[in-house]
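Peer 1: Okay, sequence plus prediction incoming.
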Protein chains: 2
Amino acid sequence: MSELFGDRLTDAARGKAAPICVGIDPMFDQFPAEVTEGIDPGDTDAVLDAVFDFTTRVLRVVAPLVPVVKFQSAYFERYLWDGVEAYYSLVREAKDLGLLVIGDVKRGDIGTTAAAYADGHLDDASADDTDDVAMPDAITVNPMLGADTLAPFVRVARETDKGLFVLVRTSNPGSAEFQDVPLADGRTWSELVADRVATIAAAEGMVGSTGYSSVGAVVGATQPQTMRSLRERLPKSIFLLPGYGAQGATADMTRLAFHPGGTGAVVSASRSILYAHKDKGYAARFGDDWERCVEQATLDMKADLGRVLG
Amino acid sequence: MSELFGDRLTDAARGKAAPICVGIDPMFDQFPAEVTEGIDPGDTDAVLDAVFDFTTRVLRVVAPLVPVVKFQSAYFERYLWDGVEAYYSLVREAKDLGLLVIGDVKRGDIGTTAAAYADGHLDDASADDTDDVAMPDAITVNPMLGADTLAPFVRVARETDKGLFVLVRTSNPGSAEFQDVPLADGRTWSELVADRVATIAAAEGMVGSTGYSSVGAVVGATQPQTMRSLRERLPKSIFLLPGYGAQGATADMTRLAFHPGGTGAVVSASRSILYAHKDKGYAARFGDDWERCVEQATLDMKADLGRVLG
């Protein structure tokens, strides 16, 4: 691997003509009946087998359609170490299918501790010497502790051609409370973080031939009012936009995140795609064929974004 | 278990006459030669055995002296799922020795994802039905995403008599950048977070008979200038104070965190205790007896704090 992450993601999104990230949030109680049939929810081994089965099948459906998937670590960590092993195994599955993989781990800590997180979540050298598991191509990180605490992640990303997505403005209802608060200097707190991240993203060796940096930003697609300001402050960062679908963001709300030509952002959707079989419209059309529901929800999202992005 | 975490920690600190938390940050390259002898640093299984051996022996030394230990998750996650299994196993070892255990995981995410983290890191029901592993008594959480994202953690803490330590002001050199920044309303960003956390900490069912809440705060002991304000804003929260020792905080700098009587805070030290054998003074006195170095460093810290707290 010799290409910078910002280039790889931009090229992959272009190649699939879909600035879409499918979020892998495996929730056993949301799985289709076919996958959970006969499984005792208290039998962790059997539940994890179902997680593996469901996720692998979702990956096979979406791999031809989208450039990147995002694994939500919490849904694996809830099954303790067996879940963590499943996480790294499924990252391998996704990469074998040609997908880029973002590990949504939102880690952040100080000095040597941050370095340990970067080792365990981003550095290929920490993966076993087997073909069974792999490290993500990028992870999400939490900047609250300060820009100095991002440095170990940036170092590993630089050394291994990996990427980072720094939380700048999240998509949850209460995000405004600590993130949109106005500072004495007139900026919001998120704008302060964005300005600092912009410097990191523009540093030597981080920006590829597409003009995009390997240091991106998470910006909730539910917040169009802050999108314009953050886009201006972070010109070289690819935005990862959660909130589409189940969280209520529309394609229109994401438009300001993209540069002309439809680059510079990927819109992430999890539940609206993974659990499309619960949508009455899809269920009516495809019955028990939940994989067809996943496929159609992905195609519909692609068409929806395409309409807006032109 | 029927006692609230805030009471359990306060009582335990009183019982040991030591408001001290020993931070378990296992770094193989810092271990005493006796522990690492003959081990190939590239042999993860052997390294993890050494982590287990070293940590268990540290726990046995400090268990009679301190009320609580804090496991830094990153140093286990760097060894992927085998490291995570070691983490939960060592939490069990610590609890069996009568120690309270804080999991320093600094998790934070939205809605159902936060709930999954709370399940996997705090809820005893998620631990295997064996005696081999256990869940911590409390975890650290990151509030950046908003107070709504703390709610799932608070719910699990309330239901299971567990505790939380919310990051309010960290101990790293760059912490001021995003945390001390002045807001338009005159507060700093950390003060805004503190005021919000104070409401959560004072909620019904969270405050025990000692007057302390099960929702505490992480406040870096390296920042005496902000300590007074945060102490006033969070009267019911126990402060977890990192930064003593290796990070440069002195006992004097922690004084403002304590209420009269020496309650309301625990000072955390990791490297200055775990790796006391690297201190020339201890090495000269105790030679290769690294466990004696750990013990003396703990006793010296206790005396140091006692001098200041009176």
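Peer 2: Thanks, I have it.

Peer 1: For the stretch 1-150 of chain A, which segments are assigned as strands?
Peer 2: Taking DSSP state E, counting those that start in this stretch, the strands of the stretch 1-150 of chain A run over residues A:20-24, A:68-72, A:100-107, A:138-141.

Peer 1: gap between the nearest residue to A:Ile39 once chain neighbours are set aside and A:Leu9?
Peer 2: Once flanking residues are discounted, A:Ile39 sits nearest to A:Ala46: 4.7 Å by C-beta to C-beta, 6 or more residues apart in numbering or on different chains. Heads up, the C-betas are built off the backbone N, CA and C, glycines and all. Using C-beta to C-beta, to the nearest Å, we find A:Ala46 at a distance of 36 Å from A:Leu9.

Peer 1: quick one: which of the two has more around it?
Peer 2: A:Leu9 (29 against 15; other C-beta atoms under 10 Å in any protein chain shown).

Peer 1: residue contacts, the more buried one?
Peer 2: A:Pro67, A:Val68, A:Leu100, A:Asp137, A:Ala138, A:Gly163, A:Tyr212, A:Gly216, A:Ile238, A:Val266 (C-beta atoms under 8 Å, 6 or more residues apart in numbering or on different chains).

Peer 1: Now do the fifth one, the pLDDT please.
Peer 2: It refers to A:Ala138. Note for A:Ala138: predicted pLDDT of 98.

Peer 1: rewinding a little: any chance of CSV for the strands of the stretch 1-150 of chain A, columns mean neighbour count?
Peer 2: As requested, these are exported to CSV (neighbours: other C-beta atoms under 10 Å in any protein chain shown):
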stretch, mean neighbour count
strand A:20-24, 27
strand A:68-72, 26
strand A:100-107, 26
strand A:138-141, 28
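
Peer 1: Just the pLDDT for the residue nearest to A:Ile39.
Peer 2: Listed pLDDT for A:Ala46 reads 97.

Peer 1: can you check A:Val308 too?
Peer 2: At A:Val308, pLDDT is 84.

Peer 1: how about the nearest residue to it, chain neighbours excluded?
Peer 2: A:Val308 sits nearest to A:Ala251 (C-beta to C-beta, 6+ apart), 4.1 Å away.

Peer 1: What of A:Arg92?
Peer 2: Closest residue to A:Arg92 apart from its sequence neighbours, by C-beta to C-beta, 6+ apart: A:Ala134 at 4.0 Å.

Peer 1: Kindly report the same for A:His277.
Peer 2: In this structure, A:His277 finds its nearest non-sequential neighbour in A:Trp290, 3.9 Å apart by C-beta to C-beta, 6+ apart.

Peer 1: quick one, what contacts the one you found?
Peer 2: Contacts for A:Trp290 (C-beta under 8 Å, 6+ apart) come out as A:Pro32, A:Glu34, A:Val35, A:Ala276, A:His277.

Peer 1: What's the local residue count around the third one?
Peer 2: By the measure other C-beta under 10 Å, the count of residues near A:Val35 is 15.

Peer 1: again with the last one
Peer 2: Neighbour count for A:His277, taken as other C-beta under 10 Å: 22.

Peer 1: hang on, the earlier thing: inside helices: which ones of the contacts of A:Trp290?
Peer 2: Under the assignment DSSP state H, those contribute A:Glu34, A:Val35 to helices.

Peer 1: Put together a markdown table for the contacts of A:Trp290, with pLDDT and distance to A:Tyr244 on each row.
Peer 2: Compiled in a markdown table, the contacts of A:Trp290 are given as follows (pLDDT from 0 to 100; distance: C-beta to C-beta, whole Å):
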| residue | pLDDT | distance to A:Tyr244 |
| --- | --- | --- |
| A:Pro32 | 98 | 22 |
| A:Glu34 | 96 | 26 |
| A:Val35 | 97 | 24 |
| A:Ala276 | 97 | 13 |
| A:His277 | 98 | 18 |
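
Peer 1: Which single one of the contacts of A:Trp290 is nearest to B:Tyr79?
Peer 2: Here the nearest of these to B:Tyr79, counting by C-beta to C-beta, is A:Val35; it sits at 31.0 Å.

Peer 1: distance of that closest one from chain B?
Peer 2: 18 Å (C-beta to the nearest C-beta, to the nearest Å).

Peer 1: picking up where we left off before, show me the one of the strands of the stretch 1-150 of chain A that comes nearest B:Val51.
Peer 2: strand A:100-107 (19.7 Å).

Peer 1: got the contact list for the closest one?
Peer 2: A:8-9, A:12, A:21, A:23, A:67-73, A:87, A:91, A:94-95, A:114, A:117, A:121-122, A:134-142, A:153, A:163, A:165, A:167, A:240, B:74, B:106-109, B:142.

Peer 1: Relative to it, what are the paired strands and their orientations?
Peer 2: strand A:68-72 (parallel), strand A:138-141 (parallel) (DSSP bridges).

Peer 1: Alpha carbons only: can I get the first one in CSV?
Peer 2: Okay, so that is strand A:68-72. Coordinates of the C-alpha atoms in strand A:68-72 are reproduced here as CSV (Å, rounded to 0.1, in the frame of the first residue of the first chain):
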residue,chain,number,x,y,z
VAL,A,68,-16.4,2.1,2.3
VAL,A,69,-18.0,0.6,5.4
LYS,A,70,-17.8,1.8,9.0
PHE,A,71,-17.7,-0.8,11.8
GLN,A,72,-19.2,0.5,15.1
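
Peer 1: What mean pLDDT does the helix or strand encompassing A:Ser229 get?
Peer 2: When elements are assigned from DSSP states H and E, A:Ser229 belongs to helix A:224-233. In this model, helix A:224-233 carries a mean pLDDT of 90.

Peer 1: Helix or strand next in line after that helix, which one?
Peer 2: strand A:239-241.

Peer 1: Check which element follows that next one along the chain.
Peer 2: The helix or strand immediately downstream of strand A:239-241 is helix A:251-254, counting by DSSP H and E.

Peer 1: Can you mark which positions in that following helix are buried?
Peer 2: A:Ala251, A:Met253, A:Thr254 (16 or more other C-beta atoms under 10 Å in any protein chain shown).
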